[in-house]
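> test case, fold it:
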Amino acid sequence: MADKSHVLRVHPENPEKKIINRAAESIEKGGTVIFPAQYLYGMAADAFSEESVRRIFAIKKRPLQKPLLVLIKNFKQLETLTAGIPEAGGKLMQAFWPGNVTIIFTASDLVPGLVTAGSGRIGIRMPLHPVARALVERLDSPVTGTSANVSEKPGCDSVENLDPAVLENTDLVLDAGRLKSGIGSTLVDVTSEPARIVRQGEIPAEDIFSIIAQGY
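I've put the predicted structure just below:
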């Protein structure tokens, strides 16, 4: 049976400050934290700490050739993560963040190559779930937002369904109960024109392209 002494119950809508602080402090010290995202549990580590990011890859048994998406708390954090914001990206940010759209930008030189898998591109999202929002708001650094599962296996909508190896090797787990069902984020690449849908998710492609076509 997996050890659950590091699993903390957290209110899904009004997360307790002391629990969020403990999770943030763990990440600041190089730790990994499982947290509730919109529909699946995710795994957070300091996106600028190569050692922490490498732990994420090891826990998930994730190939190093697969990049990790990053979660941010505000638009200002994009300055250190991206090489610039294309017009299409700016429109999508304004329309859908915080929310279930992940936007792929050209990564800045400050982003560890491990995060981008050497692609020079980075997927970024501003989370909507109250616990995820509280966690990123508490931290100064962006965090990884990859799903809390072994690579190639399904994501989990409850802590009870987490792979024991993932559960045991993570420093802290924020358990907000079973998450509501839904589709993952729509993944949009704005690094070239026209922007393209890499993965269809909750936000339909027609909504994405409708926003891009609009003037500011």
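> any idea which residue sits dead centre in the protein?
Most central residue of the chain, judged by C-alpha distance to the mean C-alpha position with C-alpha atoms, centre = their mean, is G145 at 2.0 Å.
> for that one, list the residues it contacts.
When the contact criterion is C-beta atoms under 8 Å, 6 or more residues apart in numbering, the partners of G145 are A37, G42, M43, A44, L68, L69, V70, L71, R125, P127, A132. Bear in mind the C-beta positions are built from the backbone N, C-alpha and C, glycine included.
> with I122 instead?
Counting by C-beta under 8 Å, 6+ apart, I122 touches P67, L69, V70, L81, T82, I104, F105, T106, A107, V111, V115, T116.
> now with 6 Å?
Contact analysis of I122 by C-beta atoms under 6 Å, 6 or more residues apart in numbering lists L81, F105, A107, V111, T116.
> so which of those belong to strands?
Cross-referencing the contacts of I122 with the strands (criterion: DSSP state E) gives F105 as the overlap.
> restricted to buried residues, select the contacts of I122 in ChimeraX.
To isolate the buried ones among the contacts of I122 in ChimeraX, judged by 16 or more other C-beta atoms under 10 Å, type:
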select :81,105,107,111,116
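> helix, strand or coil for R22?
Classification of R22 by DSSP: H, G, I helix; E, B strand; the rest coil places it in helix.
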